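> Everything below, folded, please.
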Amino acid sequence: MEELLSNILALSLPTQAVLLLSFLSISYIIVNIILALVSGIWSILVAAIPRHGGGAQEGPKAEREIKKKPGKTHKKDGAAGGPDRHADSELFINGLRGHTDTVTGISFSSDGKSLATACEDRCLRVFDLTVDIAGKNIPFKQFDLTRHGVQDVAFSASTTQVAVMTQGGVRSAGLCFVDVSQKEAAIQEHIENIFSGKTASGLCLRGSGGSGAAGNTPVLVAAAPNTELNVYLACSTLPLLKRLDTGGFNNYNVAISNDGRFIAAATFASDVKVYEVEFDRTGNNTGVKKQEDPKNVATEGLPAGKVMISKFAWGRGGQIAAVAGSDIYMLSAATGKVVEVIHGAHSGEIKDIAWCPIKVEGPQGVMTLLATAGSDGRVRLWRGPWPLF
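You can find the predicted model right below:
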């Protein structure tokens with residue numbers, strides 16, 4: 001080995017550089033071959049796992065079946081059987097039971113009647129919010145997606161189809177639609193490896209509500225932890241409209257306007273990239289362009305204490321919810337000031353947050369509705385700090 005090293009050092013610098021590049025290239029190829037083999041083996045093993053019926057399970061019955069599953073050592077405190085309360089906040093309404101692991105994504109339907117959740121127990125759940133949202137047992141359908149996994153979910157214009165960002169094998173992200181009006185998990189047009197790196201995992205999935213100009217086709221935005229951002233038309237075949245590069249080293253979060261016209265991406269570079277989805281006169285999407293100089297609407301300091309805000313969600317009536325760890329800060333969009341703080345809203349990190357797009361009837365009359373999902377396996381509902389008039 002010492003003799004080989006001496007011979008290499010005796011070579012000229014250009015020759016040493018060529019040898020180093022060759023070694024790195026060969027190492028890269030070997031690593032990718034290993035990853036491909038592991039991915040193939042994983043896919044085979046996952047496909048062999050029983051699907052537990054493969055269909056949707058209804059509320060309490062689903063909870064009983066989850067409890068009976070043997071070998072579940074990762075059950076969170078949000079498991080189906082335990083009550084969910086948050087006595088310290090008057091804004092707390094209810095907890096949605098049924099999850100057995102970290103809940104990574106949530107999405108309201110455009111009519112506010114359903115809430116879809118993505119859980120690391122590889123299940124998609126859709127809760128029925130047409131009942132008393134403060135009631136003891138809110139019914140839900142459960143779709144077992146063991147083969148694909150569930151990273152994030154997004155309703156678009158349709159209230160019966162949920163877009164799902166799947167995990168796949170070895171963190172390779174995929175995308176599909178699931179028809180939640182059926183009892184079986186009817187997966188439509190599953191696309192694997194949606195990002196350029198075949199082992200790239202997904203960060204988040206966002207959908208427009210489709211309530212903009214008449215005829216506009218709603219869109220879906222899938223983000224990777226790196227700088228990739230894919231824009232899809234939200235129809236059954238999921239055609240790719242545009243592949244974007246935010247150029248910010250890493251993506252942190254993505255938001256899309258309800259009419260599907262604007263997309264905002266928060267990046268590592270401490271800036272927000274804004275893109276506009278273009279439509280022709282008939283409402284068809286014609287492309288996506290970057291807004292070169294987006295207008296700064298307002299600037300306001302973060303809440304006192306220099307907390308690290310990880311997520312924002314803009315609700316009706318100028319209410320903004322911000323997340324820092326397991327805490328929720330309610331801010332006024334008009335003033336930028338904090339109007340309410342919920343400390344320890346979850347016993348673990350809050351993974352996702354979403355406002356219901358419509359006014360709802362709650363225990364104290366018409367109100368805004370906020371949903372949060374956490375690593376504690378909980379999904380919780382909260383009312384906004386002031387009523388809608």
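> Stretch 94-114: end-to-end distance?
Length of stretch 94-114, first residue to last, C-alpha to C-alpha, to the nearest Å: 15 Å.
> Show me which positions of it end up buried.
Neighbour-count burial for stretch 94-114 flags 94-110, 112-114 (criterion: 16 or more other C-beta atoms under 10 Å). Backbone N, C-alpha and C define where each C-beta goes, glycine included.
> now swap in stretch 231-244 and tell me
By 16+ other C-beta under 10 Å, the buried positions in stretch 231-244 come out as 231-235, 238, 241-242, 244.
> Could you list which of those residues belong to helices?
Nothing among the buried residues of stretch 231-244 maps onto helices, per DSSP state H.
> Just give me the closest of those residues to residue 147.
residue 238 (18.3 Å; C-beta to C-beta).
> Report the spatially closest residue to the closest one, excluding sequence-adjacent ones.
Residue nearest to residue 238 in three dimensions, not counting chain neighbours: residue 232, with 5.0 Å by C-beta to C-beta, 6 or more residues apart in numbering.
> So what sits opposite that neighbour in the bridge?
residue 220, residue 240 (DSSP bridges).
> right, and residue 157 touches residue 234 too?
Yes: between residue 157 and residue 234 there is a contact under C-beta atoms under 8 Å: 6.6 Å.
> would you list every one of the strands in the stretch 1-150 of the chain?
56-58, 92-96, 103-108, 114-119, 123-128, 140-144 (DSSP state E, counting those that start in this stretch).
> Need phi/psi at the nearest residue to residue 227 once chain neighbours are set aside.
Nearest residue to residue 227, sequence neighbours excluded (C-beta to C-beta, 6+ apart): residue 246, at 4.7 Å. Main-chain dihedrals, residue 246, degrees, to the nearest 10: phi -70, psi -20.
> contacting residues around residue 246?
227-229, 265, 267, 273 (C-beta atoms under 8 Å, 6 or more residues apart in numbering).
> Which pLDDT does the model give it?
The model reports residue 246 with a pLDDT of 88.
> Write a ChimeraX command that selects only the buried members of the contacts of residue 246.
In ChimeraX syntax, the buried subset of those is picked out as below (16+ other C-beta under 10 Å):
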select :227,228,229,265,267,273
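> right, and the strands of the stretch 1-150 of the chain - which one's nearest residue 383?
When these are compared by C-beta to C-beta, strand 92-96 sits nearest residue 383, at 5.8 Å.
> hang on, residue 322 packs against residue 309?
Yes: counting by C-beta under 8 Å, residue 322 touches residue 309, with 4.9 Å between them.
> Out of the two, name the residue with the larger neighbour count.
residue 322 (20 against 14; other C-beta atoms under 10 Å).
> excluding its backbone neighbours, what's nearest the more buried one?
residue 329 (4.3 Å).
> For burial, what's the neighbour tally of that neighbour?
By other C-beta under 10 Å, 20 other residues sit near residue 329.
> In a strand, it, correct?
Yes: checked against DSSP: H, G, I helix; E, B strand; the rest coil, residue 329 lies within a strand.
> For residue 187, see how far away residue 377 is.
Counting by C-beta to C-beta, to the nearest Å, the gap from residue 377 to residue 187 is 25 Å.
> Got the phi and psi for residue 289?
phi -130, psi 150.
> So what's the residue count around it?
For residue 289, using other C-beta under 10 Å, the count is 11.
> which residue sits closest to it, ignoring its sequence neighbours?
According to C-beta to C-beta, 6+ apart, the nearest residue to residue 289 is residue 276 (5.5 Å).
> Would you tell me which of the strands of the stretch 1-150 of the chain gets closest to residue 354?
Nearest to residue 354, of these and by C-beta to C-beta, is strand 103-108 at 5.2 Å.
> Walk me through which strands the closest one pairs with, and which way each runs.
strand 114-119 (antiparallel).
> quick one, the strand it pairs with and strand 123-128 angle?
For strand 114-119 against strand 123-128, the angle by axes from the mean of the first three to the mean of the last three C-alpha atoms, to 10 degrees is 160 degrees.
> what's strand 114-119 in contact with?
Contacts of strand 114-119 (C-beta under 8 Å, 6+ apart): 96, 99-109, 124-129, 150-155, 159, 162, 164-165, 180, 371, 373, 377, 379.
> how about a cut-off of 6 Å?
99, 101, 103-108, 125-127, 129, 150, 152-153, 162, 371, 379 (C-beta atoms under 6 Å, 6 or more residues apart in numbering).
> And stretch 270-281, by the same measure?
216, 219, 246, 260-266, 286-291, 294.
> What about those, which are in strands?
219, 262-266, 286-290 (DSSP state E).
> Select, from those, the two members most distant in space.
266 and 286, at 26.0 Å, using C-beta to C-beta across the ones in strands among the contacts of stretch 270-281.
> The two: who's more crowded?
Higher neighbour count among residue 266 and residue 286: residue 266, with 21 against 10, using other C-beta under 10 Å.
> Pretty sure that one sits against residue 253.
Yes: counting by C-beta atoms under 6 Å, residue 253 is a contact partner of residue 266 at 4.7 Å.
> Many thanks, I have nothing further to ask.
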